[in-house]
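J.: I would like to see how this sequence folds:
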Amino acid sequence: MSAEKENSKYIVVDWGTSNFRAFLVDRDRQILDRVSSNDGLLNISGQFQSVLEANIGHWLESKEDVCILMSGMVGSRNGWVEVPYVSYPINTQNLLENLYQIKSINNGRCWIVPGVSGKSVSECFDVMRGEEVQFLGANELIAEKQLEAPDFICMPGTHNKWIEVNGADGGGFSTTMTGEVFDILSKRSILSASVQVGLDWDENKFSFGLDNSRRVGGLLHQLFTVRTLNIAGEHELQHGGSYLSGLLIGNEINSIIKKDKSTVAVIASEGMMSRYLYALKHFGFTAYGIDSAEATIAGSVELVVAKEHS
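T.: Numbers count the residues shown, from 1 in each chain. All right, here's what the predicted structure looks like:
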């Protein structure tokens with residue numbers, strides 16, 4: 001292998017609906033620089049090339065050999081170009097063979113990763129974009145760190161992903177709208193009068209919500225208790241968010257995991273990771289966390305290095 005390849009730098013772009021994140025990394029996945037902005041798809045009116053250049057153009061000014069790999073909603077029908085989904089299961093070769101080249105950027109050394117489609121826990125059609133790269137990276141990090149092989153990989157976010165690693169027929173994945181539902185209920189429903197968002201997480205009220213999520217009546221009944229327990233004085237306004245979060249996350253976990261003894265790897269940023277790890281352990285599951293940015297970088301570098309050798 002040439003010294004040029006050994007010294008290659010890569011630009012990893014995670015481009016979602018609300019945010020734009022990019023990392024300049026070396027072959028060993030060390031972060032040399034990073035950029036973060038609110039230039040998500042909803043905020044840029046389709047000016048993808050100019051937005052990309054505005055965010056990472058300074059990394060392309062040198063004559064160094066730099067590859068760009070973009071994942072996330074940038075490849076959706078509302079993105080730069082709609083890159084067709086590939087079928088589950090997720091593997092490096094399938095994604096590699098279906099990368100979409102953006103020829104107008106960086107002399108064509110720029111690609112968008114396809115999303116993945118498959119069947120959910122309810123046997124319905126489901127999709128992901130961006131999480132497929134994190135999945136590749138998570139598996140690599142789990143092996144490197146000699147962590148216990150998980151039964152599930154959980155990726156919290158606006159639309160959470162649960163990937164069943166060792167299920168029947170090779171497993172599958174399911175999307176839950178926990179993050180978006182929390183936002184809607186806490187800000188634009190009758191429950192908003194009983195929830196003060198943006199406050200510190202209250203462990204006791206979160207646990208209370210987790211426990212109540214398992215009580216009879218189901219989620220639609222339990223959600224109204226955010227209001228009624230506040231009226232009854234059983235929790236204050238500042239505790240409503242933690243309680244509501246416990247109800248939703250508890251229902252999510254118990255709807256997806258059906259085995260009493262399961263191991264879950266949570267791929268997330270620190271704040272959201274702590275809630276899911278706490279909830280999973282509260283219910284008696286084994287759980288550990290992996291930083292989402294680290295997983296994205298690991299998966300992207302794996303793909304782009306494979307692309308260089310293809």
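J.: any chance you could map the helices in the protein?
T.: Using DSSP state H, the helices found in the chain span residues 3-6, 48-56, 92-97, 131-144, 178-188, 203-212, 218-231, 240-256, 270-282, 292-308.
J.: buried ones in the last one?
T.: Buried residues in helix 292-308, counting neighbours by 16 or more other C-beta atoms under 10 Å, are found at 292-305, 307. Where you see a C-beta, it was placed from the backbone N, CA and C, and this is true even at glycine.
J.: again, but for the fifth one
T.: For helix 178-188, burial by neighbour count (16+ other C-beta under 10 Å) applies to 178, 179, 181, 182, 185, 186.
J.: residues contacting that helix, please?
T.: For helix 178-188, contacts defined as C-beta atoms under 8 Å, 6 or more residues apart in numbering pick out 156-160, 191-192, 195, 197, 223, 226, 240-241, 244-245, 248-249, 252.
J.: pipe the buried residues of helix 178-188 into JSON lines and attach pLDDT and distance to residue 26 per row.
T.: As requested, these are exported to JSON lines (pLDDT from 0 to 100; distance: C-beta to C-beta, whole Å):
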{"residue": "178", "pLDDT": "97", "distance to residue 26": "35"}
{"residue": "179", "pLDDT": "95", "distance to residue 26": "32"}
{"residue": "181", "pLDDT": "97", "distance to residue 26": "40"}
{"residue": "182", "pLDDT": "97", "distance to residue 26": "37"}
{"residue": "185", "pLDDT": "98", "distance to residue 26": "43"}
{"residue": "186", "pLDDT": "96", "distance to residue 26": "41"}
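J.: out of these, which comes closest to residue 23?
T.: Nearest to residue 23 out of those is residue 179 (C-beta to C-beta; 22.9 Å).
J.: one step back: closest to residue 53 among the buried residues of helix 178-188?
T.: For these, the nearest to residue 53 is residue 179 (30.3 Å; C-beta to C-beta).
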